[in-house]
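*Asks:* Predicted model follows, preceded by the sequence.
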Amino acid sequence: MATREDVKELAESCRNWGRWGPNDELGTLNFVTPQTVIAAASEIQSGQVLSLSIPFGPSGPQHGRDGRFNPIHLMLATGTDVATDYQQARGGGFADDVVIMPLQCATQWDGLGHIYYEQKMWNGYDVELVGSQGAKRNAITAFKDRLVGRGVLVDVPRFKGVDSLAPGERITAKDLEETLAKEGVQIRQGDFLLVRTGQLGRCLTEGWGDYSGGDAPGLALDTSAWLYASEVAAVATDTWGAEVRPNEVPDMYQPWHHVVIPNIGLVVGEIFNLEGLAQACAEDGRYTFFLSAPALPLEGAVGSPVNPLAIR
């Protein structure tokens, strides 16, 4: 069992503060360059496009934990308004709608202002720079043109011979390396690593249960040093919180997050639907693809919903 001292040691040994200058707000997205994007474009061979998002609506996994609820969709104007002449014969009429939602209730990216370590966020910025009006530093707007490049699916359960990993099952650095070796993939600087556990696929069949906030398979604490050394641009999983639950440090909530986001500057995605992509990759044996997953440039936000597209 890991301790807070282990977390502190990892945080300090993997810290990237100042690596890209004192004003940086991109973190590991600095590894995304025109060259990595050009190279990623060569991954497109069949033109197949796969959405990696779950639907945004009442069918989602949220149940109010930590104030997160499923998106609420409301109509502002409808066809009924036209039929009853409520729109006063405007020559055809229109429909409009609105969504109310926590930004991290479905498929989403964590921004670098989302998680803190010892009163600091990414690049050493003070936590008080995120206030009631939003983030003055490390807002998601910094990402608006960087979340694109070579995606790599790491299908851990497939290469362990199971449909899905069990809640509480750790994915170690060794698991990542062995799965990538079986897939025949070598990680490159600036890659987007998508790690499948199979939990979301199982929940889509059996029901969400305690998916949001409950026990889950996920990344072990030791993967933080591996991700730091690999210089990937981002990592995303099909679970609600990326790391293994129950957490490996009994008296610390989400310790892996506290190492990778504020210290490494790693961009993290959650609740990615990787089932269709996993099937496509297994059919032709290609586990790399072009990924386009831009965040919404929401001013002051520390997270963003996303509809990631894997283009093969």
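*Replies:* Ah, there it is.

*Asks:* ok, which stretches of the stretch 201-312 of the chain are strands?
*Replies:* Ranges of strands in the stretch 201-312 of the chain, per DSSP state E, counting those that start in this stretch, are 218-219, 234-237, 267-270, 288-292, 303-305, 309-311.

*Asks:* Need the winner for burial among these.
*Replies:* Ranked by mean neighbour count under mean count of other C-beta atoms under 10 Å, those are led by strand 218-219, which reaches a mean of 30. Backbone N, C-alpha and C define where each C-beta goes, glycine included.

*Asks:* by contact count, what packs against that one?
*Replies:* Strand 218-219 sits against strand 170-171, strand 234-237, with contacts defined as 3 or more C-beta pairs under 8 Å, 6 or more residues apart in numbering; DSSP states H and E.

*Asks:* Show me the strands paired with the longest one, marking each as parallel or antiparallel.
*Replies:* Taking DSSP bridges as the criterion, strand 234-237 forms sheet pairs with strand 192-196 (parallel), strand 267-270 (parallel).

*Asks:* Compare the strands of the stretch 201-312 of the chain and give me the one nearest residue 120.
*Replies:* Among the strands of the stretch 201-312 of the chain, the nearest to residue 120 by C-beta to C-beta is strand 267-270 (17.4 Å).

*Asks:* Mind checking the pLDDT average for the closest one?
*Replies:* Average pLDDT, strand 267-270: 98.

*Asks:* got it, and stretch 219-226?
*Replies:* 98.

*Asks:* Would you mind pulling the contact partners of it?
*Replies:* With C-beta atoms under 8 Å, 6 or more residues apart in numbering as the test, stretch 219-226 has contacts from 2, 6-7, 10, 13-14, 170-173, 176-177, 195, 235, 237, 242-244, 248-249, 255-256, 259-260, 264.

*Asks:* Go again with 6 Å.
*Replies:* Taking contacts as C-beta atoms under 6 Å, 6 or more residues apart in numbering, the residues outside stretch 219-226 that touch it are 2, 10, 14, 170-173, 242-244, 248, 256, 259-260.

*Asks:* all strands for the stretch 51-200 of the chain, in order.
*Replies:* 72-77, 96-100, 108-110, 130-131, 134-135, 148-155, 170-171, 192-196.

*Asks:* To residue 21, which of the ones you listed lies closest?
*Replies:* Nearest of the strands of the stretch 51-200 of the chain (C-beta to C-beta): strand 134-135, 18.5 Å.

*Asks:* for that closest one, the distance to its chain's centre please.
*Replies:* Relative to its chain's centre, strand 134-135 lies at 20 Å (C-alpha atoms, centre = their mean, to the nearest Å).

*Asks:* isn't residue 77 right next to residue 98, touching?
*Replies:* No: with contact defined as C-beta atoms under 6 Å, residue 77 does not reach residue 98; the gap is 10.4 Å.

*Asks:* And these two? Which one has more around it.
*Replies:* Shown here are residue 77 and residue 98; by other C-beta atoms under 10 Å, residue 77 has more neighbours (14 against 9).

*Asks:* Please give me every residue in contact with the more buried one.
*Replies:* Residue 77 is in contact with 94-96, counting by C-beta under 6 Å, 6+ apart.

*Asks:* Okay, and the beta partners of it?
*Replies:* residue 96.

*Asks:* Would you mind measuring from it to residue 144?
*Replies:* Applying C-beta to C-beta, to the nearest Å, the value for residue 77 to residue 144 is 30 Å.

*Asks:* Would you reformat the strands of the stretch 51-200 of the chain as JSON lines and include mean pLDDT and distance to residue 226?
*Replies:* Listed next are these as JSON lines, based on pLDDT from 0 to 100; distance: least, C-beta to C-beta, whole Å:
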{"stretch": "strand 72-77", "mean pLDDT": "95", "distance to residue 226": "39"}
{"stretch": "strand 96-100", "mean pLDDT": "96", "distance to residue 226": "37"}
{"stretch": "strand 108-110", "mean pLDDT": "98", "distance to residue 226": "19"}
{"stretch": "strand 130-131", "mean pLDDT": "98", "distance to residue 226": "29"}
{"stretch": "strand 134-135", "mean pLDDT": "98", "distance to residue 226": "28"}
{"stretch": "strand 148-155", "mean pLDDT": "98", "distance to residue 226": "12"}
{"stretch": "strand 170-171", "mean pLDDT": "98", "distance to residue 226": "11"}
{"stretch": "strand 192-196", "mean pLDDT": "98", "distance to residue 226": "10"}
